[in-house]
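Visitor: I would like to see how this sequence folds:
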Amino acid sequence: MLSLFFIVADCDWEEKKLTNVKLPALTTKMKNILDEPISVRAIQLSNLFQTIFNEVPDNEIDQLNPLYSHMSMTHFDKKFSTGILNARLQYTDLDGAATYESTEINIFHFVPQSNASLVNAARIRDANARNEVEFKIHESQRTKTNSTIDGIGRVNNIEDVIKVCANLCGIT
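Guide: Sure thing, here's the model as predicted:
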């Protein structure tokens, strides 16, 4: 699904035709992730995102580039990565407060994660869910999971809007 989302083509609007349709060129790392079993793809994509967002450019010009200097996501949970892999993107209008917790990826999932308590709570939830699986806790005893992708950041000012753009570029 992700490859279909990033497909490119020449579009003739008057004749309603698409020509020169091309699938995206995936990086070696992304190809390796997609070659893995479905059960580990989201975790490996989360690890890749973590690497991208923690990378510090070598030269000063790139260090001053807003793409690098304003990327501000620190936690990538499995549901977010699965949503990206499956191109589960929200195509409907955004609705008030519900946009921070949705079953589909929307622009509010790319907001700066500057509230440490929200980020830590998300990390603890993910760690607890992993531990319950690894320690083979019976299904009836596990914490109930939901299908919503938590938004763990907030937009508070214009600087945060710039960070949203940088985060979106860093993911795609």
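
Visitor: could you count how many residues lie near residue 111?
Guide: 22 (other Cβ atoms under 10 Å). (C-beta placed from N, C-alpha, C; glycine too.)

Visitor: report the secondary structure element holding the closest residue to it other than its chain neighbours.
Guide: In space, not counting the residues next to it along the chain, residue 111 is nearest to residue 153; the distance is 3.8 Å by Cβ to Cβ, 6 or more residues apart in numbering. Counting by DSSP states H and E, there is no helix or strand that carries residue 153.

Visitor: and if you look at the one 10 residues further on?
Guide: For residue 163, the element it lies in under DSSP H and E is helix 158-171.

Visitor: pull that helix out as CSV, backbone CA atoms only.
Guide: Output in CSV follows, covering the C-alpha atoms of helix 158-171 (Å, rounded to 0.1, in the frame of the first residue of the first chain):
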residue,chain,number,x,y,z
ILE,A,158,4.0,28.9,14.9
GLU,A,159,7.4,27.3,15.7
ASP,A,160,5.5,24.0,16.3
VAL,A,161,4.0,24.3,12.8
ILE,A,162,7.5,24.4,11.3
LYS,A,163,8.4,21.3,13.4
VAL,A,164,5.3,19.5,12.0
CYS,A,165,6.6,20.1,8.5
ALA,A,166,10.1,18.9,9.4
ASN,A,167,8.7,15.8,11.0
LEU,A,168,6.5,15.0,8.0
CYS,A,169,9.5,15.4,5.7
GLY,A,170,11.6,13.2,8.0
ILE,A,171,9.1,10.4,7.9
